[in-house]
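K.L.:
Starting from these lines, generate the structure:
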Amino acid sequence: MDQFRVEPLFGGDYVGMFTITNVTLWMALTVLAVTLIMVVGARGRALVPTRSQSVAEVAYSFIYRMIEDVAGRDGVRFFPYIMTLFMFVLFANLLGLIPWAFTTTSHIAVTAVLALAVFITVTVLGFVLNGAAFLRLFWVDSAPLALRPILALIELISYFVRPVSHSIRLAGAMMAGHAVAKVFAGFAAALGAAFFIPVLAVTALYALELLVAVIQAYVFTILTCVYLKDALHPHH
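P.N.:
Modelled structure (predicted):
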């Protein structure tokens, strides 16, 4: 599990609140990569787009349609926040696939902050836009009257579990994939002449991890859109 160890970037053993660590470095590189693609790469706005501009435009239109389809037209005004969230998670996942890199999204401390930010934002937004009517989200009108209090309690519990499941899903998927790849890589050194078997397995697993990195960013973002929809339309 050494690949998930948080270490001070400039030596020492103590990791405090303001210590610059390998997590800090790779989060900064993630922000830099997103900035290069979305700001620097797309600033030309050429009629025939460059590769970086094409990536930026595809990501833009993809997230825009996602928000519009899931949260409705009212949710489009929150596009900048959701787009930023998607690009950060996506590039954090992808950069973690570079050899000797650090996958920041494999740590619950990172994903929990992202999930709590979504949870708090959506909850505050729900009360600001709807007032006490936001509580209708927990009241199932279509259920029999006798069951509504029980269902309301279940809905309330599931609502507060959201940031837990939202964060653990991403961190668990990224950590599990990297741990399995590490195990297969260890087999390559142990098997000697037959090293090519685990090497092939690692290559296939790497391709799978690339797919998982994109899917997990998509899942994290679309769940954010679902939660946003609940805040905008709690009566649905």
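K.L.:
Just the pLDDT at Asp230, thanks.
P.N.:
With respect to pLDDT, Asp230 has a value of 90.
K.L.:
Surely it touches Phe119?
P.N.:
No: applying CB atoms under 8 Å, one finds Asp230 not in contact with Phe119, separated by 11.2 Å. Every residue, glycine included, has its C-beta placed from N, CA and C.
K.L.:
Show the low-confidence segments of this protein, by residue range.
P.N.:
Within the chain, the ranges that satisfy pLDDT under 70 run 1-3, 184-185, 187-198, 236.
K.L.:
Do a quick rundown of the helices in it.
P.N.:
22-35, 51-70, 79-95, 108-130, 148-190, 196-232 (DSSP state H).
K.L.:
Could you look over those and pick the most buried one?
P.N.:
Sort these by mean neighbour count, taking mean count of other CB atoms under 10 Å, and helix 79-95 sits at the top with a mean of 20.
K.L.:
Which residues does it contact?
P.N.:
Helix 79-95 is contacted from outside by 26-27, 29-31, 33-34, 37-38, 59-60, 63-64, 66-67, 101, 103-105, 110, 114, 118, 121, 170, 174, 210, 212-214, 216-218, 220-221, 224-225, 228, using CB atoms under 8 Å, 6 or more residues apart in numbering.
K.L.:
one more time with 7 Å
P.N.:
Here helix 79-95 makes contact (CB atoms under 7 Å, 6 or more residues apart in numbering) with 26, 29-30, 33-34, 38, 59, 63-64, 67, 101, 104-105, 114, 174, 213-214, 216-217, 220-221, 224-225.
K.L.:
what angle separates that helix from helix 22-35?
P.N.:
For helix 79-95 against helix 22-35, the angle by axes from the mean of the first three to the mean of the last three CA atoms, to 10 degrees is 120 degrees.
K.L.:
How far off centre is helix 79-95?
P.N.:
Here the centre of helix 79-95 is set off from its chain's centre by 7 Å, with CA atoms, centre = their mean, to the nearest Å.
K.L.:
quick one, it and helix 51-70 angle?
P.N.:
Going by the same axes, to 10 degrees, helix 79-95 makes 120 degrees with helix 51-70.
K.L.:
So Ala173 is in contact with Gln216, correct?
P.N.:
Yes: between Ala173 and Gln216 a contact is recorded at 5.1 Å, counting by CB atoms under 7 Å.
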